[in-house]
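# Provided below are the primary sequence and the corresponding predicted coordinates.
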Amino acid sequence: MKHARSIFTALCCASLCLVSVFAQAQQAQPASNAQSARPATKNLLVGVVDLRAVLQNHPTIVDEIPALTMQMQEEQVALSKAKDDADKNVARLQKEYNSLIGSPEFEDKVGVVRKEFSDAEFKAFEAQKKLVAKRTQLLFKAYEDLQQAIETVAKQNGIIIVHSKVKLAVPDNASVSREAVALEEADQNTIVWNHPACDITEQVKAQLAVIAGTPKQNAESGASLDNLGAQAMSARASAGATSAAKQPTAAPVANRTANTPAASQRR
């Protein structure tokens with residue numbers, strides 16, 4: 001009888017221990033699952049960054065690129081005006097000489113008009129070439145700053161891969177629907193979904209401000225931020241292709257404009 005009571009007591013104690021261990025395991029399981037579903041702030045391995053949002057804060061993109069773009073537009077307007085003036089002068093001479101078109105005196109005066117336009121066109125072409133080269137340098141500098149900021153933040157967080165993620169802002173009262181914007185984002189993004197903890201955009205913004213400083217203006221930049229690296233390489237290629245161009249010879253204004261390097265630059 002005494003042995004039976006001892007065995008019963010031992011079985012009861014064992015049962016209580018098993019229940020206690022099972023309960024602790026049940027309580028620990030949700031916590032471990034939650035911990036595994038939530039990436040740590042360090043050693044994420046993979047990060048995502050919104051490049052557009054970061055570059056909107058770069059001084060080059062906000063302050064300098066719009067100013068260069070405006071200068072290029074002014075050069076285009078000035079050249080267009082010079083062409084219109086030349087065409088009007090040729091038309092005036094044609095009307096003035098009427099039946100004497102082709103005479104040496106007529107050809108001399110028309111030649112002066114064409115030479116003036118040729119000089120103005122070449123001057124505008126050279127100015128555009130310098131502006132394109134400067135824009136290339138600025139874009140490349142912004143790209144280098146961006147890469148440096150991303151590399152610094154990635155190393156701080158133990159990240160070995162950083163993906164680009166596009167997030168388009170929809171202004172109030174915009175003509176495009178939010179659904180259309182969402183579809184455009186889906187087309188441009190290589191990231192289908194990421195945990196919020198993987199987004200290092202704000203950290204890269206802060207690091208870029210340390211590297212490049214903050215812009216002087218708060219207005220929206222007029223420069224496109226799509227594919228910045230391709231923009232820089234394209235601008236550099238354009239500058240290199242035009243460096244070997246020579247001053248064009250005098251030719252009829254109306255026939256020559258569409259085939260000149262400056263006209264190609266404008267298009």
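Perfect, I can see it now.
# tell me which strands and helices the helix or strand where residue 147 lies is in contact with?
For residue 147, the element it lies in under DSSP states H and E is helix 104-156. Under the contact criterion of 3 or more CB pairs under 8 Å, 6 or more residues apart in numbering; DSSP states H and E, helix 104-156 touches strand 46-49, helix 51-55, helix 65-97, helix 201-212, helix 228-242, helix 253-256, helix 261-266. No exception for glycine: its C-beta is placed from N, CA and C like everyone else's.
# what do you get if the cut-off is 6 Å, keeping everything else the same?
For helix 104-156, the packing partners by 3 or more CB pairs under 6 Å, 6 or more residues apart in numbering; DSSP states H and E come out as helix 65-97, helix 201-212, helix 228-242, helix 261-266.
# weakest of those by average pLDDT?
Here the lowest mean pLDDT among the helices and strands packed on helix 104-156 goes to helix 261-266, at a mean of 40.
# how many neighbours does residue 67 have?
11 (other CB atoms under 10 Å).
# can you tell me how far it sits from residue 138?
10 Å (CB to CB, to the nearest Å).
# Mutual contacts of the two, please.
Counting by CB atoms under 6 Å, 6 or more residues apart in numbering, no residue touches both residue 67 and residue 138.
# got a list of what residue 82 touches?
Here residue 82 is in contact with 117, 120 (CB under 6 Å, 6+ apart).
# ok, now residue 53?
By CB under 6 Å, 6+ apart, the contact set of residue 53 is residue 201.
# Please apply the same query to residue 205.
Residue 205 touches 54, 57, counting by CB under 6 Å, 6+ apart.
# Same check on residue 94?
residue 101.
# Would you mind measuring from it to residue 120?
Counting by CB to CB, the gap from residue 94 to residue 120 is 21 Å.
# Residue 192 - how many residues pack around it?
The burial count for residue 192: 6, using other CB under 10 Å.
# is it fair to say it lies in a strand?
No - counting by DSSP: H, G, I helix; E, B strand; the rest coil, residue 192 is not part of a strand but coil.
# what sits up against stretch 181-198?
In contact with stretch 181-198 (CB under 6 Å, 6+ apart) are residues 39, 44, 47-48, 163, 165-166, 168, 170.
# Would you mind listing the buried residues in that stretch?
For stretch 181-198, burial by neighbour count (16 or more other CB atoms under 10 Å) applies to 189, 194, 198.
# what does stretch 114-129 give?
In terms of neighbour count (16+ other CB under 10 Å), stretch 114-129 has its buried residues at 114, 116-118, 120-125, 127-129.
# so which two of these are the farthest from each other?
114 and 129 (22.2 Å; CB to CB).
# tally of neighbours for the closest residue in space to residue 138 that isn't next to it in sequence?
Nearest in space to residue 138, with sequence neighbours left out and distances taken as CB to CB, 6 or more residues apart in numbering, is residue 60 at 4.8 Å. Residue 60 has 23 neighbours, counted by other CB under 10 Å.
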